[in-house]
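> okay, predicted coordinates and the sequence, questions at the end:
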Amino acid sequence: MTENQAAAGQATVQISRAGSEITIGISGSVNVDSSPRVRSALLSLIRQSALLTIIVDLSQVLYLDTSGIATLLEALNIARDNSVRLRLFGIRDQPRSLAELVELDSIFQALGAEVNFA
């Protein structure tokens with residue numbers, strides 16, 4: 001398992017690998033200020049991980065805005081293009097409310113990915 005921790009504005013990104021799964025844990029606030037750096041870390045990881053499963057752990061995200069939703073949707077499209085299986089895990093509280101409002105789970109499931117609310 002390798003870990004790489006980088007500050008992303010008001011969010012922290014931690015990456016770990018176990019077998020054919022890579023987990024990217026995001027914590028803090030994913031907003032217009034921090035989402036570009038979260039996006040960069042996530043898309044870079046997806047592009048390097050063909051045929052693997054990437055689990056995006058959002059259980060420690062306290063706030064998510066529409067720029068964060070856009071980042072997740074872009075990651076889904078890039079993952080599909082790179083034969084990466086993407087799973088969102090642990091969406092709760094305010095991020096869950098927004099994800100439900102925009103029907104993020106339906107969008108992900110329609111494109112073969114998974115969303116698990118906490």
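Happy to help now that I have it.

> which stretches of the chain form strands?
Using DSSP state E, the strands of the chain run over residues 4-8, 11-18, 21-30, 53-64, 85-91, 114-117.

> Leu42 is nearest to which of those?
The closest of the strands of the chain to Leu42 is strand 21-30. By C-beta to C-beta, the value is 6.2 Å. C-beta here means a position set from N, CA and C on the backbone, and glycine is covered the same way.

> helices or strands next to that closest one in the packing?
Packing partners of strand 21-30 (3 or more C-beta pairs under 8 Å, 6 or more residues apart in numbering; DSSP states H and E): strand 11-18, helix 35-47, strand 53-64, helix 66-81.

> what angle do that strand and strand 11-18 make?
Between strand 21-30 and strand 11-18, the angle comes out at 170 degrees (axes from the mean of the first three to the mean of the last three C-alpha atoms, to 10 degrees).

> which of the helices and strands packed on strand 21-30 sits closest to Ile91?
strand 53-64 (4.9 Å).

> just checking: what are the partner strands of that closest one?
Take DSSP bridges as the rule and strand 53-64 pairs in its sheet with strand 21-30 (parallel), strand 85-91 (parallel).

> nearest approach to Leu64 belongs to which of the ones you listed?
Shortest distance between Leu64 and these, using C-beta to C-beta, is found for strand 21-30: 5.0 Å.
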